[in-house]
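[1] Sequence first, predicted coordinates after that:
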Amino acid sequence: RLDPHRPLADGQADFAIAGHSLGVVYRSDQDSDEVFELYAVPIDGAFAPMKRNAALVGGGDVLDFRLASVGERLLYRADQDTNESFELYSTQAATGGTPLRISATLPVNGRVTDMELTPDGAHALYRTTVGITSRYELRTVPSDGSGPALLLHPDSTESVVGAYRVSPDGARVAFDWNPGAGGSKGLYSAPVDASAPPVLLSLPLTSAQRIASFFFAQGSARVAYMADQRYTRVMELFSAPIDGSQASVNLNRRLATEGDVTLASLAADGEEILYLADQRTRDAQELFSVPVDASAPPARMNGALDDGLPYGRVAEFSFVDGGRDVLYRLIEPPSVSGGPYEYRRVSLDGGPSTSLTSPRGDEILQAVSPDGKSGVFLRGGDQGYDLVRIALDGSSPEVWLDQATVNISGTFARISVSRDSRHALFVA
């Protein structure tokens, strides 16, 4: 055990392993009940946990923290100096030292709402509220406190920054921004050091349009995003160079009347995107693959859906076996909202899909083994539920993991697979 046992305390709230895997940082109220603070401890428990935040004002707490992927930089958000005034602080995970407040001075009723670190830990990015208004601003600051916090966008009395993401190479940040009157709402990117103004990646959006989600592709070269930028309330898939050097391109091409892209995810090679959409027939959601630069049209990955109404649909998907194969769940009609289910596997390299479960079964995927070779499924029936391990390549028979069927009113929880892929752990 790494944290001390405190029977009256709520215990450890969240934790993260440092990039070198030698230490653990966690939040806990181990010293004072209901007062959550930040601690670091060697992963082997060689010595006692060390507190990493400074003394908290009465009523203060550490809300959350971030660890750099490389190095020891540790950020945390806390009302350390003034109760309910949440600011951003920086320290070192292993060596500690006096934490530095690195966020800019807050206006009355303002607060730091969230934060991110560049992978190398050199810069911290964070959003703040402006008083009691609905404005959100995005700032960047050297995480060691060697420079001031700077706005990543022009100041505006109506500015609202939504979601933001740091590129994998740590050079730029993409963010959803509405500058207000006189500006263009949309998806932007800017250098993380604020050395140049932000550039618009999407088309300018109207007040009724929105960016639903976005992620990086081709390493850090492009940003893929879902938005209704062409037709209001018709969600589609686009991508653009992260520096705005070329206009964004539509990836899904045409959709069925009243169709939408509902989910998109990047393949392991960073060059392909898989997405769900009722692209050919309304309400018949299917799985497609497309290059991130639109250099080829979308390819349908699933087999034919059942004919008739209501249509079957692909409900979800996940990558397996190193990311070159895809596991997807097909919901058969007539119970489109609730099953029965069939899980199928298909390769990104092409070829037909293969069934892993009974076409009329009732299996729900709970976890995929780290080696990508098997899945743990919850199988239901009139008498209760079972956990079943199924080889994702169909090379071996099913294995029942629970010793007895769980009563129909019972449930499984916290199902996971060990790192060596040999054991499944669950609570029932």
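    Alright, I've got the coordinates.
[2] who are the neighbours in contact with G244?
    Contacts for G244 (Cβ atoms under 8 Å, 6 or more residues apart in numbering) come out as 189, 199-201. In short, each C-beta sits where N, CA and C put it, glycine included.
[3] what do you get if the cut-off is 6 Å, keeping everything else the same?
    Under the criterion of Cβ atoms under 6 Å, 6 or more residues apart in numbering, the neighbours of G244 are 199, 201.
[4] where exactly do the helices run in the stretch 1-150 of the chain?
    Remark: no helices are assigned in the stretch 1-150 of the chain by DSSP state H, counting those that start in this stretch.
[5] Low-confidence stretches in it?
    By pLDDT under 70, the weakly predicted segments of the stretch 1-150 of the chain are 1-13, 19-22.
[6] the strands in it, which residues?
    For the stretch 1-150 of the chain, the strands defined by DSSP state E, counting those that start in this stretch occupy 12-17, 23-28, 37-42, 50-51, 62-67, 73-78, 87-92, 96-101, 112-117, 123-129, 136-142, 150-151.
[7] Adding distance to P241 and mean neighbour count, write those out as a markdown table.
    Below are the strands of the stretch 1-150 of the chain laid out as a markdown table (distance: least, Cβ to Cβ, whole Å; neighbours: other Cβ atoms under 10 Å):
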| stretch | distance to P241 | mean neighbour count |
| --- | --- | --- |
| strand 12-17 | 32 | 14 |
| strand 23-28 | 36 | 22 |
| strand 37-42 | 39 | 21 |
| strand 50-51 | 44 | 15 |
| strand 62-67 | 27 | 21 |
| strand 73-78 | 29 | 24 |
| strand 87-92 | 31 | 23 |
| strand 96-101 | 36 | 13 |
| strand 112-117 | 22 | 20 |
| strand 123-129 | 21 | 23 |
| strand 136-142 | 21 | 21 |
| strand 150-151 | 24 | 16 |
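[8] Compare these and give me the one nearest Y385.
    strand 12-17 (29.4 Å; Cβ to Cβ).
[9] before we move on, back to that, in CSV, list the strands of the stretch 1-150 of the chain along with distance to T232.
    Shown next, in CSV, are those (distance: least, Cβ to Cβ, whole Å):
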stretch, distance to T232
strand 12-17, 39
strand 23-28, 42
strand 37-42, 45
strand 50-51, 51
strand 62-67, 35
strand 73-78, 36
strand 87-92, 37
strand 96-101, 43
strand 112-117, 28
strand 123-129, 26
strand 136-142, 23
strand 150-151, 30
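[10] And these: which comes nearest S289?
    Among these, the nearest to S289 by Cβ to Cβ is strand 112-117 (29.3 Å).
[11] what does the closest one contact?
    Taking contacts as Cβ under 6 Å, 6+ apart, the residues outside strand 112-117 that touch it are 66, 68, 75, 77, 86-88, 103, 124-129, 166.
[12] List the pairing partners of that strand within its sheet, with orientation.
    strand 123-129 (antiparallel) (DSSP bridges).
[13] And the strand it pairs with, how far out from the chain middle?
    How far strand 123-129 lies from its chain's middle: 18 Å, per Cα atoms, centre = their mean, to the nearest Å.
[14] cool, stretch 47-57 as well?
    On Cα atoms, centre = their mean, the centre of stretch 47-57 falls 29 Å from the chain's centre.
[15] I'd like the numbering to begin with 59 instead of 1 from here.
    Happy to do that; since the first residue is 59 now, the last one works out to stretch 105-115.
[16] Now it - C-alpha only, PDB.
    In PDB, the C-alpha atoms belonging to stretch 105-115 read as follows (Å, rounded to 0.1, in the frame of the first residue of the first chain):
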ATOM      1  CA  PHE A 105       9.500   6.000   1.600                       C
ATOM      2  CA  ALA A 106       6.400   7.800   2.900                       C
ATOM      3  CA  PRO A 107       4.200  10.000   0.700                       C
ATOM      4  CA  MET A 108       5.300  13.700   0.400                       C
ATOM      5  CA  LYS A 109       2.800  16.600   0.200                       C
ATOM      6  CA  ARG A 110       3.200  18.600  -3.000                       C
ATOM      7  CA  ASN A 111       0.900  21.500  -2.400                       C
ATOM      8  CA  ALA A 112       1.600  24.400  -0.100                       C
ATOM      9  CA  ALA A 113      -0.500  25.000   3.000                       C
ATOM     10  CA  LEU A 114      -4.200  25.500   2.100                       C
ATOM     11  CA  VAL A 115      -6.400  28.300   3.300                       C
END
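[17] Could you tell me which residues make contact with S347?
    Counting by Cβ under 6 Å, 6+ apart, S347 has contacts 330, 332, 357, 359.
[18] Remind me which helix or strand it belongs to.
    Applying DSSP states H and E as the criterion places S347 in strand 344-349.
[19] Over to A282?
    A282 is part of strand 280-285 when elements are defined by DSSP H and E.
[20] what's that strand packed up against?
    Counting contacts by 3 or more Cβ pairs under 6 Å, 6 or more residues apart in numbering; DSSP states H and E, strand 280-285 packs against strand 269-275, strand 294-299.
[21] isn't T320 right next to L334, touching?
    Yes. Counting by Cβ atoms under 6 Å, T320 does reach L334; the two are 4.9 Å apart.
[22] Show me which of the two is the more surrounded one.
    L334 (22 against 17; other Cβ atoms under 10 Å).
[23] Look at the more buried one and tell me its secondary structure.
    Assigned with DSSP: H, G, I helix; E, B strand; the rest coil, L334 falls in the strand class.
[24] hang on, the earlier thing: quick one: which of the strands of the stretch 59-208 of the chain is nearest F273?
    Of all the strands of the stretch 59-208 of the chain, strand 170-175 sits nearest to F273, with 14.0 Å by Cβ to Cβ.
[25] what about dumping the CA coordinates of that closest one to PDB?
    Extracted in PDB, the C-alpha atoms of strand 170-175 (Å, rounded to 0.1, in the frame of the first residue of the first chain):
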ATOM      1  CA  VAL A 170      -9.200  28.600 -13.500                       C
ATOM      2  CA  THR A 171     -11.600  26.000 -14.800                       C
ATOM      3  CA  ASP A 172      -9.300  23.500 -16.400                       C
ATOM      4  CA  MET A 173      -5.700  23.000 -17.600                       C
ATOM      5  CA  GLU A 174      -3.400  21.000 -19.900                       C
ATOM      6  CA  LEU A 175       0.400  20.500 -20.100                       C
END
